[in-house]
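Novice: Below are the sequence and a predicted model for it; my questions follow.
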Amino acid sequence: MAVVRKNILTNAAARQKYIQGVTLLKAEGSGTTTGSLGIPGPAKELSSYDLFVVMHHWAMMQFTPATQTDRNAAHAGPVFLPWHRWMLIQFEAQLKRVLSDASFGLPFWHWAADGERPKAQQPNSALWKANCMGGDGTGANAAVQTGPFSDASDWRVEVAADVNGVLRSVHRTLRRGFDIGTGLPNTGQVQQALDQPRYDRTPWNSTAAGFRDRVEGWVPAASAPHLHNRVHVFVGGDMLISSSPNDPVFYLNHCNVDRIWAAWQKQDPAEPYRPPKAHRRASSATASTTPCTRSSRPPRTGRRPSRCSTSATSTPTAASPSPSSAPKVPRQR
Ligand SMILES: [Cu+2]
């Protein structure tokens, strides 16, 4: 069933349903334990919500190919957009199930609209009110204090990446640390991405200058992070690391990224996914000998990674789909 994804700031019903669904999914035992997945730390059963956190982390840990530390199975390459579209579709299906509502569509956060405000005003968006996502973190642990995912609401992060990029069993409050200095992307920057005629370009990584890399937020490098990455950096805290789906804002960001991709696809339906199939076959055949060109890049950890960790009405759901000496740690988003 096709659904309509709505703006969370202009549709109260979508906002309430999203919070309700996420809360239900977080409370539902999945039957899968940390022990069965080899996740170190206290053994426990994970919730259905938490399994998405694990999945995202695992994808980030798979460098493609393994001989470099830039592109991974979900980021810094052409697959960034379809991989996250697939994740949204799976997550949305789970929300439909727990809500018993086949018409439910994930809401999106039109962050570029908030990005039009002066930076100091951006934390005043209705998104951060107690009846929506709650506000910034405070105190030594940057704990979220208000709203449905706060300490008081008993929302707990159960698996999180540590400073070495290892996913661990934890039990703590959700963290945010707004980066007002960086601020949110604006509508002009979204338009610059939409103006890119090609889906992606060689060398198919974070230095490529096509639409995908623009919307992911790596280029132009001198002023990065942009768009998707900038939103991760702006929210901060748990949104900076590979377990970033711990913050329900993650899905609102990616739903908006998916919406921008859908708009770009609509502009020129004849423009294909890139690289073309023949190139993908050739690349996989030579992957094991591809030189690592970016291994000297430091891993992206901490509150402020050097280049990120990472039309406002409605859009139909697309049918198509640390320390530098540490071992490889994917860029955090
Ligand atoms: Cu991601």
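Specialist: The structure has been received and is ready for your questions.

Novice: Buried residues in stretch 33-42, which are they?
Specialist: By 16 or more other CB atoms under 10 Å, the buried positions in stretch 33-42 come out as 34, 39, 41. For the C-beta atoms, the positions are set from N, CA and C on the backbone; glycine is no exception.

Novice: swap in stretch 176-184?
Specialist: Residues of stretch 176-184 classed as buried by neighbour count (16+ other CB under 10 Å): 176-179, 182-184.

Novice: Show me the contact partners of that stretch.
Specialist: Contacting residues not belonging to stretch 176-184 are listed as 111-112, 114-115, 119-120, 122-123, 135-137, 142, 144, 225, 230-231, 233-239, 247, 303-304 [CB atoms under 8 Å, 6 or more residues apart in numbering].

Novice: Then Q265 would be within a helix, right?
Specialist: Yes - under DSSP: H, G, I helix; E, B strand; the rest coil, Q265 sits within a helix.

Novice: What separation is there between the residue nearest the centre of the chain and F149?
Specialist: Closest residue to the average C-alpha location of the chain: F250 at 4.9 Å, with CA atoms, centre = their mean. Going from F250 to F149 by CB to CB, to the nearest Å gives 11 Å.

Novice: Same check on Y18?
Specialist: According to CB to CB, Y18 stands 12 Å off from F149.

Novice: What of A13?
Specialist: Relative to F149, A13 is positioned 19 Å away (CB to CB).

Novice: Those two: which is more packed in?
Specialist: Between A13 and F149, counted using other CB atoms under 10 Å, F149 has the larger neighbour count: 25 against 10.

Novice: State the helix or strand in which the more buried one lies.
Specialist: According to DSSP states H and E, F149 maps onto no helix or strand at all.

Novice: swap in R5?
Specialist: Element membership of R5, judged by DSSP H and E, is strand 4-6.

Novice: Quickly run through the sheet partners of that strand, with directions.
Specialist: Here strand 4-6 has these sheet partners by DSSP bridges: strand 314-316 (antiparallel).

Novice: hey, where'd the helices end up in the stretch 151-300 of the chain?
Specialist: Counting by DSSP state H, counting those that start in this stretch, residue ranges of the helices within the stretch 151-300 of the chain are 187-194, 211-216, 227-235, 249-267, 277-286.

Novice: To D50, which of the ones you listed lies closest?
Specialist: helix 249-267 (12.9 Å; CB to CB).

Novice: can you list the residues that contact the closest one?
Specialist: With CB under 8 Å, 6+ apart as the test, helix 249-267 has contacts from 5, 8, 18, 81, 84-85, 87-88, 91, 106-111, 127, 133, 190, 193-194, 196, 211, 215, 227-228, 231-232, 235, 239, 244-245, 271, 311, 315-316, 318.

Novice: Weed out the non-buried ones from those.
Specialist: Buried residues within the contacts of helix 249-267, counting neighbours by 16+ other CB under 10 Å: 5, 8, 18, 81, 84-85, 87-88, 91, 106-111, 127, 133, 190, 193, 196, 211, 215, 227-228, 231-232, 235, 239, 244-245, 315, 318.

Novice: if I pick V79, what's in contact with it?
Specialist: Counting by CB under 8 Å, 6+ apart, V79 touches 64, 73.

Novice: For it, report the pLDDT, please.
Specialist: In this model, V79 is scored at 97, pLDDT.

Novice: Then M55?
Specialist: pLDDT, M55: 98.

Novice: Name the helix or strand for it, please.
Specialist: Using DSSP H and E, M55 falls within helix 48-61.

Novice: what comes up buried for that helix?
Specialist: Of the residues in helix 48-61, 48-54, 56-57, 59-61 count as buried by neighbour count, 16+ other CB under 10 Å.

Novice: Just confirm F104 contacts K96, I think it does.
Specialist: Yes - counting by CB atoms under 8 Å, K96 is a contact partner of F104 at 4.9 Å.

Novice: More neighbours: the two, which one.
Specialist: Of the pair F104 and K96, F104 is the one with more neighbours under other CB under 10 Å, namely 24 against 18.

Novice: that older thread, take the buried residues of stretch 33-42 and lay them out in a markdown table including secondary structure and distance to A263.
Specialist: What follows is the buried residues of stretch 33-42, written out as a markdown table (DSSP: H, G, I helix; E, B strand; the rest coil; distance: CB to CB, whole Å):
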| residue | secondary structure | distance to A263 |
| --- | --- | --- |
| T34 | coil | 39 |
| I39 | coil | 38 |
| G41 | coil | 42 |
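
Novice: Nearest to T23 among these?
Specialist: Distance to T23 across these (CB to CB) is lowest for T34, with 21.3 Å.

Novice: Pull up the distance across stretch 36-48, start to finish.
Specialist: Start to finish, the residues bounding stretch 36-48 are 15 Å apart (CA to CA, to the nearest Å).

Novice: And for it, what's in contact with it?
Specialist: The contact list for stretch 36-48 (CB under 8 Å, 6+ apart) reads 25-35, 54, 94, 98, 158-159, 166-171.
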